[in-house]
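[1] Here is a sequence with its predicted model. Questions after.
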Amino acid sequence: MRGHGSSIYLLCLFLISLTSGLPAQTAPPQGSQSTPAASTPFGEISGIVKSGNTPLPGVTVSASNTLTGKKYTTSTDIDGSFRIEVGSKGRYVVRAEFLAFAPVTQEVLMNAENRSAKAELSMVLLSRVQQQEAQQQRQAQLAAAGRPGLQQLALSGGDLGDAAMSGGGGASDAASLAGSGLPNAGLAAEGSTESVAVSGAMGRSDQPTFDPGEMQDRIAELRDQMARQGGGNAVFQGGAGGPGGFGGGAGGPMIIMMGGGPGGGGRGGFRNFNVNKPHGSIFYNFGGSPLDARPYALSGVPADKADYSQNRFGITLGGPLNIPHIYHGGTKTFLFGSYIGARATNPFDVFSTVPTLAERSGNFSGSSSTIFDPATHTPFLNNTLPSINPAAAAVLNFIPVPNLPGDRRNFHFVSANRSNTDIVFARFNHSFGNNQNGMMGLFGGGARQQQRQQQRRQQSGDQKKIEAHWSHSINGGINFSNFRSNLLNPFPDLGGKSTAHNLNTNFGYNLSRGVFLNSLRFNYNRSHNETANNFTNSNNISAQLGISGVSPSPSDFGLPNFNFSPEFSNLQDTSARTRTDQTYTISDSMNWTHGKHGWSWGFDFRHQLLDLSNAANARGTFVFTGLATGLVTTNAQGQQVLTPGTGLPFADFLLGFPQQTSIQFGASNYQFRANSWDLFVQDNWRVAKNVTLNLGLRYEYVSPFTELHGKLVNLDIAPGFSAVAPVLPGQIGPFSGERTPDGLMHPDRNNFAPRVGIAWKPFSRTVVRTGYGMNYNLGQYSAMATQLGFQPPFAFTQTNTVQPGNPLTLTLQNGFPAASAPVTNSYAVDPNYRLAYVQTWNLNIQQDLKHDLIMNIGYSGSRGTHLDIVRAPSLDASGVPINGAQPFLFESSNGSSILHSGSLRVRKRMRHGLSLGGAYTYSKSIDNASSIGGSSVLVAQNDLDLAAERGLSSFDQRHRFAADYSYELPFGKEKKWMNGNNWAARAVGGFTFSGNMTIASGFPFSPRIFNTSSDLNRGVNGTLRPDIVPGATIASSDPSILHWFNTAAFTAPAGAFGNAGRNIIIGPGNVDFSMAVARNIQIKDMQNLELRLSATNIFNTAHFTTIDATLGSPTFGQVTGAGSMRKAQIIARYRF
């Protein structure tokens, strides 16, 4: 209870500090009256949200008090209108957010004389390229932080939100159409006896989780603060250096537009605002072991938690560029800057299964399996090895001895890994010419004002045009981030370090006149990532162990990988890797409004450079199965097989006889290059007062990657996979007779993506939205290029497998002998590979109910086409091994998927300080793809029966309910109770409670069998599935940690392949409650302090994440992973 006690103690201290408050700026004069209680809403903010001259329904609109932080939320109606009741006077930042649009904010003032305010917001579409670049940059930073991202292609219709004008309502899951990399032969990501992290990740615990996306939060916060302190009608086009377009356009640098408020141009009647002063915020976040609960004890034995802490801090500043006696920026030149840092130690808490002291010495007398002498085929005396291979004895030094009793999960490693993150951001904006509209002329703001005025005239029937003038501006920015972390391993003597550097620069030029706006943008992004183990560039440990045939390069030094599954946890060292990605982008988009039509069109062009060194398997992988120490017999089909109950993988290792070895390393550096471009056009058409139509079409072209020096190799394949031959760019395939393209694949040139959306308001309180769209996966080529580069003759690759009748062919010392087959390539791709695409459609009906309730009933569906399938075609159509070739993997685009989802959402708008919402989703997704929705690539069980791969998607979650709430306590100044300007009001005022809950069913798992000869002969491991016992039920009537599903429902396959399908075991569900309490304290008129305490899993409920679905594993059917218990953090933010 020590961990829980410290958490409760600190929580009490924090709550006491919250209630202490800060003294008021000045006390009211004696006899003065306090502000009356606000028993009813203080006032109302209303307005309309448009894109061009088209109203946008379904837009999320919020109003946040600039000093108290109180937030009220609603959504727009069919005509784009909204209404928000607020509880107190003050300055409010009204923010509109809509899927695929740049968020827009506008500041309004509420006081005793003005209890009703108007806000007219004009939104522009984000650039598709900008969204992808932001996603790629975010993934690169998260990958550097140990959280590898995936190329995502949303099955829920992510980009359809603008087409359908629904703002959401589809399924929330996104499907990965590009896996994070192909598996090493012999090592599968779903091995049952991988080390288990109590945080839920199998094999490794989560690496540092600092989220660089918080930089965008700080920037948005600065923009809002500049808006609320900078003028009467400040509008910030956050992150979109121009209007963007339907899936394309300028995007990039933010534009600021400020206009005069009720009190006059620029100042807007804010008495204390000084435009020449900087404004910003400072924040500090703390979390760590003092606040968090103890990890869940899967073993049943409570253990001490790691000592760790997470510290995040930062400062954001912005204002006009004023240099005394030299330059006065005024309303023309603005600078913004931000720094975010993190110094963290993150928990690393992992259980592993390691050999006992007796087993380390070769004594297996306690095992139920009999081990045989591989030379004489007779049992060893007392099941004990008489000697141990010298290389194996040396490797034992890296395998820890047990520190817990028993023979399962008998080693526990608790530590914390360190990580440091620094992010620096700077941006400038400058407008040219006369600023005739005050601050509204900044960065094209005057032109936008002209657009809105002209649109209002047209809509009112006034054909007289206002006088338009040209307005132009420039803007640019730079963002640099640096990340450093040490990498821990379940086995303490192994590990490494990771560093990542990212640089992003951009420059934009905007030109506008009247209802025409053009935006031109240039962008350069560079990301450099390095990963190293403890031996990289310093110690050739493989040579010291006597293991030959591995990479001699110092950058590849490290311990080879050893697979003992399912007996013990695998020994896997960190793979060294150096990668640099660079992207040059130029984008241009134009917007033009004419009558009821809002047209936009434009293009994007990108040049990508990828420099890579170090292959993922340069030190080699050794797989031990028990074949060498087992008894081999002949079955009824005449095949030599291992007799059950004989042989042990770890005994094979001690003798130095693997059944399979694989390796891949190559040239010191690869330089991959590619180009991509797109064109788009879109029309937002207001057909009638109650009907809006959105039509769009875009064309996308992405070239396959080439290598600067031609170092790419594919396989030319004869019909039926009867033979293969390596081919280089420009060569004629000996079997196909075709010239091999420079990128080894023929470009996919027919990537047209139409989109249509309709919004209809049949009744005053009812809105119907429907839409259809297409998305293409544009990120798969880079993953393929890195595999096609590390192939002979530019690289050394081998996949060697021992046959049951000759188990002594391979040894630890000589695991990579001279190849017996002329073709040793380990990977090939279909030269007619096509980019995957997803078609998405949805229907949503929104009904306004009484008492501020909104109900949405929605349906969404999607179909994926040309999804990736990875096969291991080592046998031809007749079942004969391919002549002259070692096993290899073959990737094609034959996969498909289908998803259907229905949802019911109910939300109560904010009123009297209370807002509630809930959503239930029922969905089902099916696919036969190898990587969709997963973090690793799965190889088909039977290359000749791909239909058997069709099953539930890895991300399928049948039921999901989510709810949220926010409640502002009715105490304090301007509230219903205790509203005087005294110590009591100050002590209890300004509190807000918020939280959310999630109740969801579990994700599916596939039953598997590891270390079978049929798999290893194809160069893979873990693709085989078992048979289902006829009449057996898979689900357990009483699931528990030790018996989650009915293990008796599965048995070893009677034939070559099992009849069990993919993802037929449903894993544990999830119940989570999170909560936050915050207090906003006003210090001065322009200064505010926010204190917040937030916690996830507040009831400290165990959340099981992983189960062992490997037949034959000692923990088959058991829960092997648990998610985080209660975690809390304290946040302090000072705004000025």
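    Alright, I've got the coordinates. Residues are numbered from 1 along each chain as shown.
[2] Give the buried residues for the strand of greatest length in the chain.
    Secondary structure of the chain per DSSP state E: the longest strand is strand 889-911. For strand 889-911, a neighbour-count test (16 or more other CB atoms under 10 Å) marks 889-897, 899, 901-903, 905-910 as buried. Backbone N, C-alpha and C define where each C-beta goes, glycine included.
[3] The chain: helices as residue ranges?
    2-20, 128-144, 160-164, 214-230, 357-360, 390-395, 445-460, 541-545, 649-655, 780-789, 983-988, 1013-1017 (DSSP state H).
[4] looking at the ones you listed, which has the lowest confidence?
    Note on the helices of the chain: helix 160-164 shows the lowest mean pLDDT, a mean of 31.
[5] could you pull out the strands for the stretch 851-1000 of the chain?
    Assigned by DSSP state E, counting those that start in this stretch, the stretch 851-1000 of the chain shows strands spanning 853-871, 889-911, 914-927, 951-952, 959-968, 991-1000.
[6] Now do the contacts for residue 624.
    Contacts here follow CB atoms under 8 Å, 6 or more residues apart in numbering; on that basis residue 624 touches 562, 563, 564, 649, 650, 652, 653, 657, 658, 659.
[7] ok, the first one - how many residues close by?
    It refers to residue 562. Residue 562 has 26 neighbouring residues, counting by other CB atoms under 10 Å.
[8] Please parse this protein into its domains.
    According to automatic domain parsing, the chain comprises the domains 48-98, 959-1120.
[9] Buried deepest among these, which one?
    With neighbours defined by mean count of other CB atoms under 10 Å, none of those is more surrounded on average than domain 48-98, at a mean of 22.
[10] That one spans what distance, first to last residue?
    Using CA to CA, to the nearest Å, the end-to-end distance of domain 48-98 comes to 14 Å.
[11] so how far is it off the chain centroid?
    28 Å (CA atoms, centre = their mean, to the nearest Å).
[12] Over that domain, what's the mean pLDDT, rounded is fine.
    Confidence for domain 48-98, expressed as mean pLDDT, is 73.
[13] hang on, the earlier thing: walk me through which strands the longest strand of the chain pairs with, and which way each runs.
    Strand pairing for strand 889-911, using DSSP bridges, gives strand 827-829 (parallel), strand 853-871 (antiparallel), strand 914-927 (antiparallel).
[14] any chance of these in TSV, plus mean pLDDT?
    Output for the strands paired with strand 889-911, formatted as TSV (pLDDT from 0 to 100):
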stretch	mean pLDDT
strand 827-829	95
strand 853-871	94
strand 914-927	94
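[15] Return the most buried member of these.
    Comparing these by mean neighbour count (mean count of other CB under 10 Å), strand 827-829 ranks first with a mean of 24.
[16] circling back: which of the domains of the chain comes out lowest on mean pLDDT?
    Lowest mean pLDDT within the domains of the chain: domain 48-98, at a mean of 73.
[17] mind listing what the residue nearest to residue 815 when sequence neighbours are not counted touches?
    Once flanking residues are discounted, residue 815 sits nearest to residue 661: 4.0 Å by CB to CB, 6 or more residues apart in numbering. By CB under 8 Å, 6+ apart, the contact list for residue 661 reads 186, 620, 621, 622, 623, 798, 799, 800, 810, 815, 816.
[18] Go again with 7 Å.
    For residue 661, the contact set (CB atoms under 7 Å, 6 or more residues apart in numbering) comprises 620, 621, 622, 800, 810, 815, 816.
[19] which one of the residues you listed has the most neighbours?
    Greatest neighbour count in the contacts of residue 661, by other CB under 10 Å, goes to residue 622: 29 neighbours.
[20] tally of neighbours for the residue lying closest to that residue once chain neighbours are set aside?
    Once flanking residues are discounted, residue 622 sits nearest to residue 658: 4.3 Å by CB to CB, 6+ apart. Neighbour count for residue 658, taken as other CB under 10 Å: 30.
[21] Residue 658 touches residue 814, doesn't it?
    No: using CB atoms under 7 Å, residue 658 makes no contact with residue 814, being 10.6 Å away.
[22] and residue 686, bridged to which residues?
    Beta-bridge partners of residue 686, counted by DSSP bridges, are residue 692.
[23] who are the neighbours in contact with the nearest residue to residue 626 once chain neighbours are set aside?
    Excluding the flanking residues, the one nearest residue 626 by CB to CB, 6+ apart is residue 647, at 3.1 Å. Neighbouring residues of residue 647 by CB under 7 Å, 6+ apart: 369, 371, 626, 627, 629, 630.
[24] May I have the phi/psi pair for residue 647?
    Torsion angles at residue 647 (phi, psi; degrees, to the nearest 10) stand at phi 80, psi 140.
[25] Against residue 1132, how distant is it?
    61 Å (CB to CB, to the nearest Å).
[26] Give me the residue ranges of the stretch 751-900 of the chain where confidence is low.
    875-880 (pLDDT under 70).
[27] any idea how far residue 625 lies from residue 1025?
    In terms of CB to CB, residue 625 sits 18 Å off from residue 1025.
[28] and residue 377, how many neighbours does it have?
    Residue 377: 10 surrounding residues under other CB under 10 Å.
[29] How about residue 611?
    16.
[30] same thing with the one 3 residues further on?
    Residues lying near residue 614 (other CB under 10 Å) number 24.
[31] same thing with residue 947?
    The number of residues near residue 947, taken as other CB under 10 Å, comes to 7.
[32] Quick check: closest non-adjacent residue to it.
    Spatial nearest neighbour of residue 947, excluding adjacent residues (CB to CB, 6+ apart): residue 928 at 7.4 Å.
[33] sorry, back to before: give me the phi and psi angles of the residue nearest to residue 622.
    phi -80, psi 160.
[34] Can you check what pLDDT the model gives it?
    Looking at residue 658, its pLDDT reads 95.
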